[in-house]
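1. task: produce atomic coordinates for the following.
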Amino acid sequence: MKVTIKGQVTIPQEVREDLGIRPSETEVDFVCDEKGNWYLKKIKTKENSRFRRAHKCVKPMMSTDELMALTRG
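-> Predicted structure coming up:
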C-alpha cells in the first residue's frame, strides 16, 4: 500500500466493509500497543442525531412536510 505525499492511504474495500467504515460518517484513529504495534481503530461516534435517524427512515416520494417532521423529532 503506497502512502501519498500528504501521508494518506486507501483503506481496502474489504476492510472498510468488515469494519463498517463509511465515508463522511466514520472516524478512525491509530493506536499503539505496549509492544509498539500500530492498529487502525474505528471510533464510536454519536449516531443518535435527528439527521442520522431520519436518514435511515427516508422513503422515496416523501413530501417535504414528512421529511421535515423526521428531522425535527
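2. only C-alpha atoms from now on, for both contacts and neighbour counts.
-> OK.
3. and the strands in the protein?
-> Residue ranges of the strands in the chain, as given by DSSP state E, are 27-32, 38-43.
4. between these, which one is nearest to residue 12?
-> Evaluated over the strands of the chain, closeness to residue 12 peaks at strand 38-43, with 12.5 Å, by Cα to Cα.
5. report all helices and strands that that closest one contacts.
-> The elements that strand 38-43 packs onto, with contact taken as 3 or more Cα pairs under 8 Å, 6 or more residues apart in numbering; DSSP states H and E, are strand 27-32.
6. who are the packing partners of the strand it packs on?
-> Against strand 27-32 (3+ Cα pairs under 8 Å, 6+ apart) you get strand 38-43.
7. the strand it packs on: partners in the sheet, and parallel or antiparallel?
-> Strand 38-43 pairs in its sheet with strand 27-32 (antiparallel), by DSSP bridges.
8. who touches the strand it pairs with?
-> 21, 38, 39, 40, 41, 42, 43, 44, 45 (Cα atoms under 8 Å, 6 or more residues apart in numbering).
9. drop anything exposed from these.
-> Those of the contacts of strand 27-32 that meet the buried threshold are residue 21, by 16 or more other Cα atoms under 10 Å.
10. so can I have CSV of the contacts of strand 27-32 showing pLDDT?
-> As requested, the contacts of strand 27-32 are arranged in CSV below (pLDDT from 0 to 100):
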residue, pLDDT
21, 88
38, 95
39, 93
40, 90
41, 90
42, 88
43, 85
44, 75
45, 67
